[in-house]
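In: The sequence and its predicted three-dimensional model are supplied below.
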Amino acid sequence: MTTLRRRRILLVDDDPAGAELTVAALTMLDSEASVEVVADGEEALDFLFRRGAFAASADDALPGAMLLDLKMPKIDGHEVLRQVRADPRLNGLKVIVLTSSDQARDRVLSRELGSDGYLVKPPSIAGLIALLRGCAELLPPAEESAT
Amino acid sequence: MNWRHVMLLALAVFAAAAAPPVDAPARIVVFGTVERLPPGADPAWKIDDAAFDQGLAAVVAKAAGLPFRFAEFKTAPEVLAALEDGRIDVIPSLGRTPERIGRLLFSVRHTVATIAAFMRDDRQSPATWAELAALRISAVRDSSGYTFLREKQLDAHALLTETTEEALRAVFDGRVDACLSNQLVGVSVARQMRLEHQIVPAYVVPDFTVDFCMAVRRSDGELLQRLNDGIALAAERGDLQRHREKWQPVFESYWLARPDLRRWLAGGGAALLLVALLGWGWHRSRLRAEQRLTDEVSRQVEQRTRELAAANTQLRTSEEAVRRLNAELETHVARRTQELAARVSEVERLNAELEAFSYSVSHDLRAPLRNVAGFLELLRARLAERLDAESVRLMGVASAESARMGTLIDGLLKLSQAGRGELRSGPVALDELVAEVRAELAPEIPARRIEWRVAPLPRVRGDRALLRQVIANLVGNAVKFSRHREPAVIEIGAAAPGTGGAGDGTVTCFVRDNGAGFNPKYADKLFGVFQRLHSRRDFEGTGIGLANVKRIVTRHGGKVWAEGNIDKGATFYFNLRVSP
C-alpha cells in the first residue's frame, strides 16, 4: 500500500481571516500543499503530540514545517517553540515564525529558542508569497511514494 | 539716655498699651488695710503702718494710672479674708511667706522688712540670737515672724496667734517672753493697743528679712502686672524712696522713745548723748546713704531680673514659635514630597500604560487592516476579467486607503517605540546618518533636481536608531515640501560657534529648504501628533513625523523648533549634546 504524501504544513494563527489569507498564499505557491490550521498554542501542541482532540490521528504523518504566530491566547508562540525544541521526537520539524511583530526582542528570542525562520506579515498577499518563496527550502518537499 | 530711661520709656509705652480703652468703665482698685489711727490720736508718734501702706498704695496706683480707693478692716486676718472673697483687690503690703505664695499672687517687693522681738520693757533684752531662742515666743500664724520661726524650726514650741494684737498681748500678760513680728507692724499694733511704752522691740533679728509686696488674688494676674509696672515706675521716679524716707524718722524716733533710753537720758548723760548723737547722726546718715545705695542696687537688680525674665519669656515664646513653624514646615515638606512621589509614580504608571496601549492598539489594528487589503487582493484576482474600469478604480482606492491607514499605524507604532525603552546612547556621526538617509531617498526622487548643500556635521551623543529617524523625517520633509521648486535647495548644517550653544556642550543643527514653508502663526502646532499644516491633496503625510522628531530630541535632552513662512521655505533646528 502506498500513500501520496504532500507538503504537510501546520499553520498556527488565532486570526481566522489572517489564517485564510496565509492558506491562500501557500496554495498559490503550491497547489498540492496540505495545510492544517490550529487556532492557538495549546491546539498546536496537542496536534504535534497527538493528544486531546488529536489523539485519534496518532497514525497520521507529522507535518514537516510549522508556520507559527507569536501573539496568541493561552500558550504563545515562544512557549510552543520551547516545548517543540525540548522533544527529540520533533527533531526534524522546521519552524517558521510568521508574526505581525517586527520587534527585535521577539526576533532574538525566537532565534534563541530555535526557530528556523522569522517572517513579518506583509500588508499584501503578493508580499507574503514572496516571503514564503524566499524560505522555500524550509518548507518540506513534496514526498511521493510509489504505490 | 541710659538703659533705665529706655526701660522707663518702654514701661510707659507698655502701660499705655495695657491701659483699658477709654470708653470702658475704669475698674476702681480697692486696697485693703487695717484701720488707720484716728487723725490726731497721737501726734507725737504717728506710728501707723496702715497709713504707711496706704501712702505706698497711693504712690504705686498713681504711677500705674489705676483709679483706687481704700477699705479698712479691724485686723490683718480680716484684710486677708476680704482679699480672698473679693471685697478688696489688693493688700498693699504683705510679707511674702511660703504659706501665702500658694494662695495669693505677689508683686515685686517694694519694702524689705526686718523682724524684731517685742518684749516688755522691764525685761532684759537678749544680746544674741541664742539668748532669744531660749525664750518663750509668740508669733502670728503665717506672718513674717512665723516664717522666721519655721526656718529656725522653733515653730512647734511657739505660741501661734491669729493677730499681732493677740501675740503682743501674750507678751504683756507674761505668757511668753517675746513676740516675733515685722518691726513696723509690731510697733504700729503696740501703738494701737496703747502699750507702746510697755512692749518694745528689744532685739532685731540679724541677717533675716522678709520681702513685703503687694498681694492680689491668684486670678488677678493682669492687675498684678499693672501693679508691678507701677512699682517699677514709682521706684524709677524716686517716689517709693521718698515715701520710705517720709516714714523713716518716725521709726527712728520710736527707737529713741524707748523708756530705758529716756531713763538713761534723765540720768544726766545729756552731754555724752549729744556727742553720741552727733556721732550716731553721722553714722545714721552714712547708714542711710548706704541703705539708699543698697536700695538702688537692689532695685536695679530687680528691674534687670524682670527685664531678663521678660526677655527670657519672649525668647522662649519665639523659640517655641520657630520650633513649631519648623515642625510644620517639615511635615508640610514631607507630605508634599510624598504627594509628589505618588504623583510621579502615577504619571510613570499612566505613561507606561499609555505606551502599552498605543503599542497594542497599533499592533492589533494592523491585523484586520492587513486582512482587508489581503481579501481585496483575492477579490481582484478572482474578478480580474469581469471588472470594468470603474470597479477596478474603486477597488484601487480601497486598497490605497487601507495602505494609508497602514502607514498611519506604522507612524503611531514608531512614535510609541520612540518613547519607550532605554536610550542606547553612544557617539553618533550625523554625517553618516545624512548620507544614509539621502541614499535611501534617492530611488524615490530620480527626476528631481535638488541642490544639496551639506556642511560637515559634528558627532553627537545619542541613540543612533532614533536619531536616524530624526534625520530621515527632517530631510524627508525638506525633499517633500520643496517638490515644486526648480531647483529645490536643501541645506544641512550646524550653527556657527557662538550662535548655537557652543560652550554648554550642545550643538544646534538645522535642515533648511526653499519649499512651501508654513504660516509662523502655527509654528507651535507643527510638532503635535496628527497636526498637519498642508492638505493631503498638496502633500501626503501622516502628521506623526514631526511629533516623533520632537519626542526623540526631547528624550535626548535637546530642543527642536522651526522657522519659516508661507512659500519662503522652512528651517528646522534641533540641538543635541556633542560627543566628547
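Out: Received, thanks. Numbers count the residues shown, from 1 in each chain, chains lettered A, B, ... in the order given.
In: what bridges to the spatially most central residue of chain A?
Out: In chain A, the centroid-proximal residue (Cα atoms, centre = their mean) is residue A:66; its distance is 1.8 Å. For residue A:66, the beta-bridge partners are residue A:10, residue A:95 (DSSP bridges).
In: my guess is it meets residue A:98, correct?
Out: No - using Cβ atoms under 8 Å, residue A:66 is not in contact with residue A:98; the gap is 9.5 Å. For glycine as for every other residue, the C-beta is placed from the backbone atoms N, C-alpha and C.
In: Quick check: what element follows the helix or strand containing residue B:353 along the chain?
Out: According to DSSP states H and E, residue B:353 maps onto helix B:270-383. Per DSSP H and E, the first helix or strand lying C-terminal to helix B:270-383 is helix B:389-418.
In: sorry, back to before: now the helix holding residue B:353: average pLDDT?
Out: Averaged across helix B:270-383, pLDDT comes to 82.
In: Roughly how far does the residue nearest to the centre of chain A sit from chain B?
Out: To chain B, residue A:66 is 20 Å away according to Cβ to the nearest Cβ, to the nearest Å.
In: Now do the contacts for that residue.
Out: By Cβ atoms under 8 Å, 6 or more residues apart in numbering or on different chains, the contact list for residue A:66 reads A:9-12, A:44, A:48, A:84, A:93-96.
In: With residue B:425 instead?
Out: Contacts of residue B:425 by Cβ under 8 Å, 6+ apart are B:461-463.
In: Among the residues you listed, which one has the most neighbours?
Out: residue B:462 (26 neighbours; other Cβ atoms under 10 Å in any protein chain shown).
In: what pairs with that residue across the strands?
Out: residue B:426.
In: List the residues that contact it.
Out: Counting by Cβ under 8 Å, 6+ apart, residue B:462 has contacts B:423, B:425-426, B:428, B:556, B:576-577.
In: Mind giving me the ChimeraX command for buried ones among these?
Out: In ChimeraX syntax, the buried subset of the contacts of residue B:462 is picked out as below (16 or more other Cβ atoms under 10 Å in any protein chain shown):
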select /B:428,556,576,577
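In: With respect to pLDDT, which of the contacts of residue B:462 ranks lowest?
Out: residue B:423 (80).
In: roughly how far apart are that one and residue B:550?
Out: 15 Å (Cβ to Cβ, to the nearest Å).
In: Wait, residue A:25 touches residue A:133, no?
Out: No - Residue A:25 is beyond contact range of residue A:133, at 9.7 Å (criterion: Cβ under 8 Å).
In: So for these two, which sits in the more crowded spot?
Out: Taking other Cβ under 10 Å, residue A:25 and residue A:133 do not tie; residue A:25 has more neighbours (23 against 12).
In: which non-adjacent residue is nearest that one?
Out: Nearest in space to residue A:25, with sequence neighbours left out and distances taken as Cβ to Cβ, 6 or more residues apart in numbering or on different chains, is residue A:128 at 4.4 Å.
In: Can you give me every residue that contacts the one you found?
Out: By Cβ under 8 Å, 6+ apart, the neighbours of residue A:128 are A:21-22, A:25, A:121-122, B:374.
In: I believe residue B:530 is in a strand; please confirm or correct that.
Out: No - counting by DSSP: H, G, I helix; E, B strand; the rest coil, residue B:530 is not part of a strand but coil.
In: Check whether it really touches residue B:544, as I assumed.
Out: Yes - using Cβ under 8 Å, residue B:530 is in contact with residue B:544, at 6.9 Å.
In: which of these two has more neighbours?
Out: Each of residue B:530 and residue B:544 has its neighbours counted (other Cβ under 10 Å); residue B:544 has more, 24 against 11.
In: how far away is that one from chain A?
Out: On the measure of Cβ to the nearest Cβ, residue B:544 and chain A end up 17 Å apart.
In: show me the contacts for residue B:199.
Out: B:118-121, B:168, B:171-172, B:179, B:186, B:190, B:193.
In: So which of the residues you listed is the closest to chain A?
Out: residue B:186 (107.9 Å; Cβ to the nearest Cβ).
In: Secondary structure class of the residue lying closest to that closest one once chain neighbours are set aside, three-state.
Out: Nearest residue to residue B:186 in three dimensions, chain neighbours excluded: residue B:118, at 4.8 Å (Cβ to Cβ, 6+ apart). Look at residue B:118: counting by three-state DSSP, its state is strand.
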